[in-house]
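*Asks:* Please work out how this folds:
(2 chains)
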Amino acid sequence: MPVVMDAERISRALTRIAHEILEHNRGLANLALVGVRSRGVPIAQRIAHDILQITREEIAVGALDITLYRDDLMGASVGLAPLVRKTEIPFSIDGRTIVLVDDVLYTGRTTRAALDALTDFGRPKSIQLMVLVDRGHRELPIKADYVGKNVPTSRQESVQVHLRELDGVDEVLLQGKE
Amino acid sequence: MDLAQAPPLTALKHKHLLGIADLSPEEIVLILDTAEAMKEVGQRTIKKVPTLRGRTVINLFFEPSTRTRTSFEIAEKRLSADTLNVAIASSSVVKGETLVDTAMNLEAMAPSMIVLRHASSGACHLLSRICKAAIVNAGDGMHEHPTQALLDAFTIREHKQKLAGLKIAIVGDLLHSRVLRSNVLLLTKLGADVWVCAPATLIPPGLKQMGVTVTTRVDEAVAGADVIMMLRIQLERMQGAYFPSQREYFRTFGMTEARVARAKPDVIIMHPGPINRGVEIASEVADGASSVILDQVANGVAVRMAVLYLLAGGGDGETARAD
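*Replies:* Residues are numbered from 1 along each chain as shown, chains lettered A, B, ... in the order given. From the prediction side, this is the model:
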């Protein structure tokens, strides 16, 4: 299975993105990161750590579970519901600039659900999108502001992001057709 | 999110929630875990998520109920389901045929779920065999009241972080209580040490076989208890001479501060409501610092949201992994 990004590459990409976020927003005043569960959360925490290293200032980090906002739950069959986890946003998002953080951007449907979920918590000044991997094949008009790596894929392939915090190893794999 | 990173699909193995008896310990834990996420929704400014949009849930109540019905209704509304309350006075429907007829008529309007409360044990099983809709038992006769047991377990877990190994004393009308049955089934499945206590006239046969310790001495039941769960003396069912007087019942079995003092210092006091002050529980205990009675009511909404979501919110495995 080809490794698209290894630990070092992931780490460098996140540090670069931390700088981009600071440059784009001219500092971190009124800025907060919200990770989409599950792998968006550790990615958001790592960017927060990088931002702390650069600016010596803490940035607020939240965790968003989008399960209850998915558009694919209306399927007819019974009993197969994805596990719902807790959303934890311990700060007001009203008037803030929120950087939404996810691991992979694909059809855009997760991002759509995340936008709906986030706006139920208040009215942010603006929402930006950061993803570790953009693999294309969008089904909705959604574009990332910060991208770790663009990975051209076919729909038959799958992209797997493994993170130390959840999987014990940092790597992005491209899995081919089976 | 990509294919392999989708949240693990975890599911109930049942289309209906008829009783705790059908659930495995893993399914119970899944419901409780899901309820934790649902509780967070209830703490938001906008307490509503679009999950069950376009689904119709009928609350069919053949017995009077305020707490359970409002709790289900709020849970349904927080999940954006369309809700409809059909309340039928208990006197007007007694025959099984009428229940079936009513259900068939409602069924013709294609609801996703029917939440049923009925005075006859087994009414939910009957409907589950004839309806396409998922049936949620909101209390059937003296059989089960599963969502009450689930919210009780949720409340205990919230305060004690576990259920296994806890000493749980259940005191009150054991004979007429569907809450007792569901609670005993659930708590023993999750490994709690359950003690039940009542006057001998209010102890149904066969309780011991359910894996609990039965006693008529309330001091013994509450000694060192982590949880004291009171059951309502169902005054409306007390035509028989189960005990001499309410005052005597209170003196012998009522939960007073002196009795609570025999339990662990961090004991929690529970009651499914409505409470009879001065009959099964003293006001100082019901309103005291150890009481979690109102937590139970609040948690009821989260637990019912979890049940509704898990029964009806499921997509199929493939589309749920699409993004």
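
*Asks:* okay, the residue lying closest to B:E144 once chain neighbours are set aside: pLDDT?
*Replies:* Using Cβ to Cβ, 6 or more residues apart in numbering or on different chains and skipping residues adjacent in sequence, the residue nearest B:E144 is B:G19, 3.8 Å away. (C-beta placed from N, C-alpha, C; glycine too.) The per-residue pLDDT reported for B:G19 equals 97.

*Asks:* quick one: B:G19 from chain A, how far?
*Replies:* Here the criterion is Cβ to the nearest Cβ, to the nearest Å. By it, B:G19 lies 17 Å from chain A.

*Asks:* Over to B:E27?
*Replies:* Distance from B:E27 to chain A, by Cβ to the nearest Cβ: 10 Å.

*Asks:* Tell me what the most centrally placed residue in chain A is bridged to.
*Replies:* Centroid-nearest residue in chain A: A:D102, 1.1 Å away (criterion: Cα atoms, centre = their mean). Residues in a beta bridge with A:D102, per DSSP bridges, are A:V131.

*Asks:* now B:K208: how far from chain A?
*Replies:* Distance of B:K208 to chain A, computed by Cβ to the nearest Cβ: 35 Å.

*Asks:* picking up where we left off before, isn't the residue nearest to the centre of chain A up against A:G40?
*Replies:* Yes - counting by Cβ atoms under 8 Å, A:G40 is a contact partner of A:D102 at 4.3 Å.

*Asks:* Now do the same for A:V104: helix, strand or coil?
*Replies:* Secondary structure, DSSP: H, G, I helix; E, B strand; the rest coil: A:V104 is strand.

*Asks:* Near it, how many residues? Count them for me, please.
*Replies:* As a burial measure, A:V104 scores 26 neighbours (other Cβ atoms under 10 Å in any protein chain shown).

*Asks:* Show me how chain B divides into domains.
*Replies:* B:3-144+B:299-321, B:146-297 (automatic domain parsing).

*Asks:* so where's chain A shaky on pLDDT?
*Replies:* Scanning chain A for pLDDT under 70 picks out A:72-81, A:177-178.

*Asks:* which residues of it fall in strands?
*Replies:* Here chain A has its strands, by DSSP state E, at A:3-5, A:31-36, A:60-64, A:97-105, A:126-134, A:146-150, A:158-162, A:171-175.

*Asks:* can the third one be found next to chain B?
*Replies:* No - contact check for strand A:60-64 against chain B, using Cβ under 8 Å from any Cβ of the partner chain: none in range, with a minimum separation of 10.5 Å.

*Asks:* Give me the contacts around that strand.
*Replies:* Strand A:60-64 has contacts (Cβ atoms under 8 Å, 6 or more residues apart in numbering or on different chains) with A:32-37, A:40-41, A:44-45, A:48, A:86-91, A:93, A:100, A:114, A:117-118.

*Asks:* Pretty sure B:A153 sits against B:I28.
*Replies:* Yes - between B:A153 and B:I28 there is a contact at 7.1 Å, judged by Cβ under 8 Å.

*Asks:* Which one's more surrounded, these two?
*Replies:* For B:A153 versus B:I28, neighbours defined as other Cβ under 10 Å are more numerous around B:A153 (27 against 21).

*Asks:* got the contact list for that one?
*Replies:* By Cβ under 8 Å, 6+ apart, B:A153 lies in contact with B:I28, B:L32, B:L163, B:N183, B:L186, B:L187, B:L190.

*Asks:* List of residues touching the worst-scoring helix or strand of chain B on mean pLDDT?
*Replies:* Every helix and strand in chain B was compared by mean pLDDT, DSSP states H and E; the lowest is helix B:96-107, with a mean of 82. By Cβ under 8 Å, 6+ apart, the residues outside helix B:96-107 that reach it are B:58, B:60, B:62, B:86, B:88, B:93, B:114, B:118, B:120, B:123, B:126-127, B:130-133.

*Asks:* most residues in a single helix of the chain, which one?
*Replies:* Assuming you mean chain A. Using DSSP state H to define each element, chain A has its longest helix at helix A:7-25.

*Asks:* Actually, chain B is the one I wanted.
*Replies:* From DSSP H, the single longest helix across chain B is helix B:293-312.

*Asks:* Which secondary structure elements does it sit against?
*Replies:* Counting contacts by 3 or more Cβ pairs under 8 Å, 6 or more residues apart in numbering or on different chains; DSSP states H and E, helix B:293-312 is packed against helix B:25-41, helix B:67-78, strand B:113-118, strand B:134-140, helix B:146-160, strand B:268-270.

*Asks:* circling back: buried sites along the least confident helix or strand of chain B?
*Replies:* Neighbour counts over helix B:96-107 (16 or more other Cβ atoms under 10 Å in any protein chain shown) mark B:L99, B:V100, B:T102, B:A103, B:L106, B:E107 as buried.

*Asks:* With just CA atoms, put it into CSV.
*Replies:* Presented in CSV, the C-alpha positions along helix B:96-107 are these (Å, rounded to 0.1, in the frame of the first residue of the first chain):
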residue,chain,number,x,y,z
GLY,B,96,-56.9,-6.4,22.5
GLU,B,97,-58.8,-6.2,19.3
THR,B,98,-59.4,-2.5,19.8
LEU,B,99,-55.7,-2.0,20.3
VAL,B,100,-54.9,-3.9,17.1
ASP,B,101,-57.5,-1.9,15.2
THR,B,102,-56.2,1.4,16.5
ALA,B,103,-52.6,0.4,15.7
MET,B,104,-53.6,-0.7,12.1
ASN,B,105,-55.3,2.6,11.5
LEU,B,106,-52.2,4.5,12.7
GLU,B,107,-50.0,2.2,10.7
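
*Asks:* That one versus strand B:134-140: what angle between them?
*Replies:* Here the directions of helix B:96-107 and strand B:134-140 differ by 140 degrees (axes from the mean of the first three to the mean of the last three Cα atoms, to 10 degrees).

*Asks:* check contacts around the residue nearest to the spatial centre of chain B.
*Replies:* Geometric centre of chain B, nearest residue: B:Q148, 1.0 Å, by Cα atoms, centre = their mean. Going by Cβ under 8 Å, 6+ apart, B:Q148 touches B:T68, B:G139, B:V179, B:S182, B:N183, B:P272, B:G300.

*Asks:* Out of those residues, who's the most crowded?
*Replies:* B:N183 (31 neighbours).

*Asks:* Distance of the residue lying closest to it once chain neighbours are set aside relative to B:I28?
*Replies:* Spatial nearest neighbour of B:N183, chain neighbours left out: B:A149 (4.6 Å); criterion: Cβ to Cβ, 6+ apart. In this view, B:A149 and B:I28 are 9 Å apart by Cβ to Cβ, to the nearest Å.

*Asks:* Then B:L151?
*Replies:* According to Cβ to Cβ, B:L151 stands 12 Å off from B:I28.

*Asks:* Now for B:A153 and B:I28: what residues contact both?
*Replies:* B:L186, B:L190.
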